[in-house]
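**Student:** here is the input, now give the coordinates:
(one chain, ligands or ions: 1)
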Amino acid sequence: MTDVPDDHPRADSLRTRHRIEAGVDAGITHRQGLIAEGRGEAFDYLLGEETIPSADAAARAAAATLLLAEHPVVSVNGNVAALVPGEAVELAEVVGADLEVNLFNREQARLERIAAHLREHGAAEVKGLAGDATIPGLAHGRGTVDADGIFDADVVVVPLEDGDRAAALAAMGKTEIVVDLNPLSRSAQTAAVPIVDNILRAVPNVTRHARDLAGASREELREIVESFDREAALAAAERAIRGGRLSDA
Ligand code: PTJ
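**Tutor:** The predicted model follows:
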C-alpha cells in the first residue's frame, strides 16, 4: 500500500481510497466500488467529514432497532469488507446479528474471499454462500440470499446499497437500516432508519450505542425507535450537504 504522509491535509481520505484499492487488488471489492467510494467521498466532504447530530440520532435508533429484533442480519458487500470488516463483525456480535455476504455483482469466488476475510477478522459464521432463496422482484445478484439469513430476517443492516434492494426488502416487510452518505439515494429514502454518515464512522457508532443500551428495557428501546424521525434526519443531512459545511481541507 502507498505510504500517505501523516501531515497530508487529506491523509485519512487518501488512506480510505487505498483500502478500497487494496480490496480490489485482493479480489474482495468490485472495480465499481472505486466509483462508489468517490461518490461517497464527495458527499462526506460536504458533510464536513463528521457525524452530524441527526446521523448520531439515527445510529442510536438503529442500535435500539437491532436490539429489539428477533433475527437481525448485517449485509456485507465488497466495499464494506474492505473498509470495516472488523467493525462489522463486532457490531454483529454486540447485537446478536448474522453476517451475510450479499453482492450486487455476485461471483462465487468473491463471495468466498469476503467470507474468509470476515472470518480472519473474527466472524464465527458468515452466511451468503448458500444463496438458496430469492428476494422477489430483484433480477440482479443482490436478489440471491440465504433462506436462513436475509430471507428470514426481520431487520437488515444495508450499508452502501445501490437502491432497488432496499425497496424490495421493504416490500417483504423487513425493517431496514441503511448507511449511505447520499440522503437522496433510493436506499436512504426507503429505509426505516437512514444513517447518512460514512460507514467508517457509522458502524462503530451503532455498536457504541448498542453497548450503551445493553441494559435498557424493551419499552425504553421502543421509545427510542418511535421518537426517531426519519424525514427530519434526511432533511437535516440534505441541509448540511447543501450548506456545504466544509472540513478544513
Ligand atoms: O460489492 P458489490 O458487488 O455488492 O458492489 C458494491 C457497490 C458499492 C459497487 C454497488 O453497490 C454500487 O455500485 O453502489 P452505488 O450505486 O455506487 O451506491 C453506493 C452508495 O454508497 C452511494 O450513494 C454513495 O454515496 C454511498 N457511499 C459510498 N461510500 C460510502 C458511502 N456511504 C457511506 N460510507 C461510505 N464510505
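
**Student:** quick one: which helix or strand includes residue 75?
**Tutor:** Assessed by DSSP states H and E, residue 75 sits inside strand 72-76.

**Student:** so who does the spatially most central residue of the chain touch?
**Tutor:** Against the mean C-alpha coordinate of the chain, by CA atoms, centre = their mean, the closest residue is residue 159 at 2.1 Å. For residue 159, the contacting residues are 75, 76, 77, 79, 80, 178, 179, 180, 199, 202, 203, by CB atoms under 8 Å, 6 or more residues apart in numbering. C-beta: built from backbone N, CA, C; applies to glycine.

**Student:** can you flag which of these belong to strands?
**Tutor:** Cross-referencing these against strands under DSSP state E gives 75, 76, 178, 179.

**Student:** can you give me the distance of the last one to residue 157?
**Tutor:** Okay, so that is residue 179. 7 Å (CB to CB, to the nearest Å).

**Student:** now the protein against the ligand: closest residue?
**Tutor:** residue 40 (2.3 Å; CB to the nearest ligand atom).

**Student:** can you show me the helices along this structure?
**Tutor:** Secondary structure of the chain, counting by DSSP state H: helices at 11-25, 32-47, 53-68, 78-83, 85-95, 108-120, 164-171, 186-190, 199-212, 218-227, 230-243.

**Student:** one step back: give the buried residues for the strand holding residue 75.
**Tutor:** For strand 72-76, burial by neighbour count (16 or more other CB atoms under 10 Å) applies to 72, 73, 74, 75, 76.

**Student:** pick out the most distant pair among the ones in strands among the contacts of residue 159.
**Tutor:** The most widely separated members of the ones in strands among the contacts of residue 159, counting by CB to CB, are 76 and 178 (14.0 Å).
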